[in-house]
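Peer 1: The amino acid sequence is not available; the structure is as follows:
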């Protein structure tokens, strides 16, 4: 277990250093997110009341679509230079590669949320600085990264990876999408009369189940 | 450390690349696998490294303590394939440090710099690997493969991109590793270089080891003649069967 954790830490550090140097993932994610927010702002000319209702949906949709760009690129460095095989030879357990990528993708999503929320608040003149709202976004980002990292590890080996990733991933994300948008709606007060606990439980169970399942099947996915 | 590969077969679709191949290597041997393009040399290296599975047959890596599991085996192999396994945005030193930490070698920064010096990159500027020439990347790849002090060296075309000095450096390293009872299997078309270090030449043809020639100091021409004879014999047999 100690060796496994050590490998995860080393892999995450390498991914972050690599990203800091190249800025491949963050640049594409942020550019897409900011542009999407601008387009939503002009396309949906909403009254102040309606703005509260659509905030969770807009934020989450922007994060999911921008995150897909990041997921697509998260395995590219490994694939392009054959590093995936280098890692397979070096780690004590192959699941360490998956968990490290999950953490890196999650960090990217959190960083994205930290930047998207103030931009949204500025454009839509609506404050979203709410700890519970941010907490739900992180839980959603965990589920998204857990499923997305596994699917990206499969699609990166195909020629049509840019198309295949969203086609395979988005249906799997249905429970996360619903839970995040509904929970955030309750927190921001735009959805009345709904129990947030049910949605949060769904989100938590999804995160745990998908993470464990992915760790279990990752070895077979990358070896076949 | 010993390698026993028994009746391994591998096909890609209808194309059979390896056909019930048998191979045996002992510690301290430096075996050079020769064969024309498409003979299955890279496939064999990948199968032996555990990165790929054979359709049938078995590969046994034995130590004094018994046979190794796949994961233990992988961490005991220094592997060079066509791709360098290097991160383009990290410097050569950072790449080595990353792999060193992953392998938990416990090497210090000074040890890693010494390793860079061993492959002739000691005075290279600390620039990202994407600025390296092909030969520099190959030197770094060799350092990366030797980093964990592996018991087994599987090198696929290790002379690619190396200049004369680089070939000499690699030969020296192979001699040193062989002398330390490492098991070395490599593929190359650089007969003049490998002739100086190999203890045995195995000729891979039509999915099998067609001939095994001990290196008893034979001349380059003699080796080339034997190689051509095996290939020609294989081709005439192929025609007869057709």
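Peer 2: Looks like it arrived, so ask away. Keep in mind it's a predicted model, so treat the numbers as computed, not measured. Residues are numbered from 1 along each chain as shown, chains lettered A, B, ... in the order given.

Peer 1: Next, count neighbours for residue 188.
Peer 2: Chain wasn't specified; assuming chain A. Using other CB atoms under 10 Å in any protein chain shown, residue A:188 has 20 neighbouring residues. Placement of C-beta: from N, CA and C, glycine included.

Peer 1: oops, chain B please
Peer 2: Count around residue B:188 with other CB under 10 Å applied: 20.

Peer 1: For it, list the residues it contacts.
Peer 2: Listed by CB atoms under 8 Å, 6 or more residues apart in numbering or on different chains, the contact partners of residue B:188 are B:32, B:34, B:157-159, B:194.

Peer 1: Report the buried members of these.
Peer 2: Buried members of the contacts of residue B:188, scored by 16 or more other CB atoms under 10 Å in any protein chain shown, are B:32, B:34, B:157-159, B:194.

Peer 1: ok, which pair from those is furthest apart?
Peer 2: Taking CB to CB as the measure, the buried ones among the contacts of residue B:188 span a maximum distance of 13.9 Å, between B:34 and B:158.

Peer 1: how about low-confidence regions in chain B?
Peer 2: Within chain B, the ranges that satisfy pLDDT under 70 run B:64-68, B:233-242.

Peer 1: Chain A contacts on that one?
Peer 2: Within chain B, the residues that sit near chain A (CB under 8 Å from any CB of the partner chain) are B:49, B:51, B:53, B:71, B:74-75, B:77, B:79, B:81-90, B:94, B:98-99, B:101-104, B:128, B:144, B:148.

Peer 1: What about these, which are in helices?
Peer 2: B:49, B:71, B:74, B:94, B:98-99, B:101-103, B:144 (DSSP state H).

Peer 1: Now compare those and name the two farthest from each other.
Peer 2: Once CB to CB is applied, those give B:71 and B:94 as the farthest pair, at 25.6 Å.

Peer 1: out of the two, which sits in the busier spot?
Peer 2: Under the criterion of other CB under 10 Å, the comparison of residue B:71 against residue B:94 puts residue B:94 first, with 20 against 16.

Peer 1: Enumerate every residue touching that one.
Peer 2: A:17, B:87.

Peer 1: The least confident helix or strand in chain A by mean pLDDT and chain B in contact?
Peer 2: Across the helices and strands of chain A, mean pLDDT, DSSP states H and E gives its lowest value to helix A:76-80, namely a mean of 80. Yes - Helix A:76-80 lies within reach of chain B by CB under 8 Å from any CB, at A:77, A:80.

Peer 1: Give me the buried positions along that helix.
Peer 2: Neighbour-count burial for helix A:76-80, with 16+ other CB under 10 Å as criterion, is recorded at A:77-78.

Peer 1: near chain B, which residues of chain A show up?
Peer 2: A:3, A:6-7, A:10-11, A:14, A:17-18, A:21-22, A:77, A:80-83, A:85-93, A:223.

Peer 1: Helices - which of these land there?
Peer 2: Secondary structure from DSSP H places A:3, A:6-7, A:10-11, A:14, A:17-18, A:21-22, A:77, A:80, A:83, A:85-90, A:223 of these in helices.

Peer 1: Now restrict these to buried residues only.
Peer 2: A:6-7, A:10-11, A:14, A:18, A:21-22, A:77, A:83, A:85-90.

Peer 1: which residues of chain A fall in helices?
Peer 2: Using DSSP H, helices in chain A cover A:2-22, A:24-43, A:48-74, A:76-80, A:83-90, A:95-124, A:131-155, A:161-172, A:174-188, A:196-223.

Peer 1: SS state for residue B:59?
Peer 2: Here residue B:59 is recorded as strand under DSSP: H, G, I helix; E, B strand; the rest coil.

Peer 1: Would you enumerate the residues in contact with the residue lying closest to it once chain neighbours are set aside?
Peer 2: Leaving aside its sequence neighbours, residue B:59 sits nearest to residue B:5 (CB to CB, 6 or more residues apart in numbering or on different chains; 4.9 Å). Contact analysis of residue B:5 by CB under 8 Å, 6+ apart lists B:21-24, B:47-48, B:57-60.

Peer 1: Turn those residues into TSV, columns for neighbour count and distance to residue B:174.
Peer 2: Putting the contacts of residue B:5 into TSV (neighbours: other CB atoms under 10 Å in any protein chain shown; distance: CB to CB, whole Å) gives the following:
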residue	neighbour count	distance to residue B:174
B:21	23	23
B:22	12	24
B:23	21	19
B:24	15	20
B:47	23	22
B:48	23	17
B:57	17	28
B:58	11	28
B:59	20	22
B:60	13	24
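
Peer 1: Using the three-state scheme, assign the residue sitting nearest the centre point of chain B.
Peer 2: The centre of chain B sits closest to residue B:155, judged by CA atoms, centre = their mean, with a distance of 1.6 Å. Under three-state DSSP, residue B:155 falls in the strand class.

Peer 1: quick one: it and residue B:49, what's the gap?
Peer 2: Residue B:155 sits 11 Å away from residue B:49 when distances are taken as CB to CB, to the nearest Å.

Peer 1: can you list residues touching both of the two?
Peer 2: With CB under 8 Å, 6+ apart, residue B:155 and residue B:49 have common neighbours residue B:79.

Peer 1: What is the neighbour count of residue A:216?
Peer 2: Neighbours of residue A:216 (other CB under 10 Å): 11.

Peer 1: hmm, I was thinking of residue A:57
Peer 2: 16.

Peer 1: Just to check, it is in contact with residue A:180?
Peer 2: No - in this structure residue A:57 lies outside contact range of residue A:180 using CB atoms under 8 Å: 9.4 Å.
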